[in-house]
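A.B. asks: Next input, structure requested:
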Amino acid sequence: MTVRRRILLAALTLVVVATLIVVALPSGGESSPPKLSFTLCGYTNGAAKFAIVTITNWEGCAVSLERWYYQAEGKYDLKRVVTVPGPTKVAGRQFCTISFELPVYHARLDPPERWRITATARRETLSNKLRLKLRRLPWIGRRVDLPASYHITTQLFHP
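C.D. replies: The predicted structure is shown next:
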């Protein structure tokens with residue numbers, strides 16, 4: 001065996017072992033939901049009423065948010081899917097501002113109801129990214145667990 005082949009074999013072995021270690025050992029703090037805070041910045045005026053919300057990520061890693069829902073309390077308890085334009089990935093120790101349309105009936109209520117939003121959050125760690133990629137492989141994918149995801153619910157916002 002030539003020196004080049006030995007080096008290639010050693011490098012390949014190192015990559016396989018490192019991949020298995022990263023997938024097998026979760027990074028610290030993954031058993032608790034990500035630390036996120038939500039702040040209502042305001043509303044837009046016009047025919048369609050949009051809420052403007054700032055999301056602050058207090059984690060050291062990025063957090064992706066998906067499957068957004070609007071929930072209103074009161075006489076018309078309602079849960080609706082919310083479309084959030086733009087990226088829903090918040091970098092570690094950063095913030096982002098999103099806007100989404102409130103249901104039409106919300107603007108017409110007198111007095112308006114309190115509401116909150118719910119989303120599914122997942123940490124964007126190296127281990128989680130590797131797990132998602134390995135799940136695509138047909139011969140190993142079913143043995144790799146999906147990364148943990150958490151339902152994050154904001155506090156109730158007053159109109």
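
A.B. asks: among the helices and strands of this structure, which has the poorest mean pLDDT?
C.D. replies: Counting by mean pLDDT, DSSP states H and E, the chain has its least confident helix or strand at helix 104-108, which shows a mean of 62.

A.B. asks: For the next helix or strand after that one, what is the distance to the chain centroid?
C.D. replies: Moving toward the C-terminus from helix 104-108, the next helix or strand (DSSP states H and E) is strand 115-123. With C-alpha atoms, centre = their mean, to the nearest Å as the basis, strand 115-123 stands 7 Å off its chain's centre.

A.B. asks: Show me what strand 115-123 is packed up against.
C.D. replies: When contacts are defined as 3 or more C-beta pairs under 8 Å, 6 or more residues apart in numbering; DSSP states H and E, strand 115-123 packs onto strand 63-72, strand 150-153. No exception for glycine: its C-beta is placed from N, CA and C like everyone else's.

A.B. asks: I'd like those strands as TSV, with mean neighbour count, mean pLDDT and distance to Q94 appended.
C.D. replies: Listed next are these as TSV, based on neighbours: other C-beta atoms under 10 Å; pLDDT from 0 to 100; distance: least, C-beta to C-beta, whole Å:
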stretch	mean neighbour count	mean pLDDT	distance to Q94
strand 63-72	18	89	10
strand 150-153	14	93	16
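
A.B. asks: Using TSV, lay out the ones you listed together with distance to V16.
C.D. replies: As requested, the helices and strands packed on strand 115-123 are exported to TSV (distance: least, C-beta to C-beta, whole Å):
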stretch	distance to V16
strand 63-72	27
strand 150-153	31
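
A.B. asks: between the ones you listed, which gets nearest to S127?
C.D. replies: strand 63-72 (14.2 Å; C-beta to C-beta).

A.B. asks: Name the residues that touch the closest one?
C.D. replies: The contact list for strand 63-72 (C-beta atoms under 8 Å, 6 or more residues apart in numbering) reads 34, 36, 55, 57, 77-84, 88-90, 92, 100, 102-103, 106, 113-124, 152-153.
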